[in-house]
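Colleague: Based on what follows, work out the 3D shape:
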Amino acid sequence: MPIKLNLRAGLAALKGAFNPSDDVAPPPESEPSSIVFLLQRSEFPNLQQLSARAEKAFNVHFAIENATNYCVFQKALFTLMKIGTHTLSFMLYTKPYFEGHPDFVRDLPLPAQRAACEKHTSWLAMNYAKGPGSVDIQYALLSRLGIEMLDANCTGAYIPGGQLLIPNDGSLLRELQRNASIVRDLGLPPLTLN
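Modeller: Numbering: from 1, shown residues only. Modelled structure (predicted):
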């Protein structure tokens with residue numbers, strides 16, 4: 001059974017953060033493009049840390065206020081990031097992502113996937129909230145930032161749209177790098193891989 005977050009209601013609250021003409025919102029029947037990092041410890045970067053990671057990911061200065069096309073800021077309960085005409089939102093939750101769905105975890109085919117689920121205690125969702133990007137562009141932007149967000153605290157990532165769980169064993173970084181490579185089509189500086 002797929003795990004679905006009802007982020008639609010939360011994302012609807014974001015409308016007040018932008019002028020209606022700023023971006024195109026996802027259709028109401030669709031779920032947002034998301035990458036969910038499964039975390040061993042509940043840690044969320046502050047705005048300065050998030051801005052620094054975004055600057056490294058996109059090679060552009062990010063303000064820490066809603067003042068430019070490249071910024072990170074708080075709006076109500078949400079942390080938001082503008083990347084030109086694209087907007088990402090972030091959500092940290094302090095319980096396991098698959099809590100209440102033991103069948104999903106048990107049925108994962110790889111031991112590394114099951115271990116990633118068993119080791120995590122909280123999760124961080126990076127969501128594509130608004131913008132003109134195709135699904136490929138949405139995941140490319142999320143992946144490019146995800147490369148900079150990835151650390152040893154992350155046991156793996158779950159992609160709700162594809163019902164895909166990737167353990168943080170080297171394969172997650174490779175998948176993020178592969179997805180991030182198409183961002184150059186947006187006119188952003190090229191991705192620098194370490």
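
Colleague: Am I right that Met81 is in a helix?
Modeller: No. Under DSSP: H, G, I helix; E, B strand; the rest coil, Met81 falls outside any helix and is assigned strand.

Colleague: Model confidence for the residue nearest the centre of the chain, exactly?
Modeller: For the chain, Met126 is the residue whose C-alpha lies nearest the centre (Cα atoms, centre = their mean; 2.0 Å). pLDDT for Met126: 97.

Colleague: Give me the buried positions along the longest helix along the chain.
Modeller: Using DSSP state H, we find that the single longest helix of the chain is helix 135-149. By 16 or more other Cβ atoms under 10 Å, the buried positions in helix 135-149 come out as 137-149. All C-beta atoms are positioned from the backbone trio N, CA, C, and that covers glycine.

Colleague: okay, it in PDB with CA atoms only?
Modeller: The C-alpha trace of helix 135-149 is given here as PDB (Å, rounded to 0.1, in the frame of the first residue of the first chain):
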ATOM      1  CA  VAL A 135       8.300  16.900 -13.100                       C
ATOM      2  CA  ASP A 136      11.800  16.200 -14.400                       C
ATOM      3  CA  ILE A 137      12.900  19.800 -13.600                       C
ATOM      4  CA  GLN A 138      11.200  19.600 -10.200                       C
ATOM      5  CA  TYR A 139      13.100  16.500  -9.200                       C
ATOM      6  CA  ALA A 140      16.300  17.900 -10.700                       C
ATOM      7  CA  LEU A 141      16.000  21.000  -8.400                       C
ATOM      8  CA  LEU A 142      15.200  18.800  -5.400                       C
ATOM      9  CA  SER A 143      18.100  16.500  -6.200                       C
ATOM     10  CA  ARG A 144      20.600  19.300  -6.700                       C
ATOM     11  CA  LEU A 145      19.800  20.700  -3.200                       C
ATOM     12  CA  GLY A 146      19.500  17.200  -1.800                       C
ATOM     13  CA  ILE A 147      23.200  16.500  -2.700                       C
ATOM     14  CA  GLU A 148      24.100  19.400  -0.300                       C
ATOM     15  CA  MET A 149      21.600  18.300   2.300                       C
END
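
Colleague: Give me the residues contacting whatever helix or strand comes next after it.
Modeller: Next helix or strand after helix 135-149 toward the C-terminus (DSSP states H and E): strand 154-159. The contact list for strand 154-159 (Cβ atoms under 8 Å, 6 or more residues apart in numbering) reads 3, 34-40, 97, 112-113, 115-117, 119-120, 123, 146, 164-168, 172, 176.
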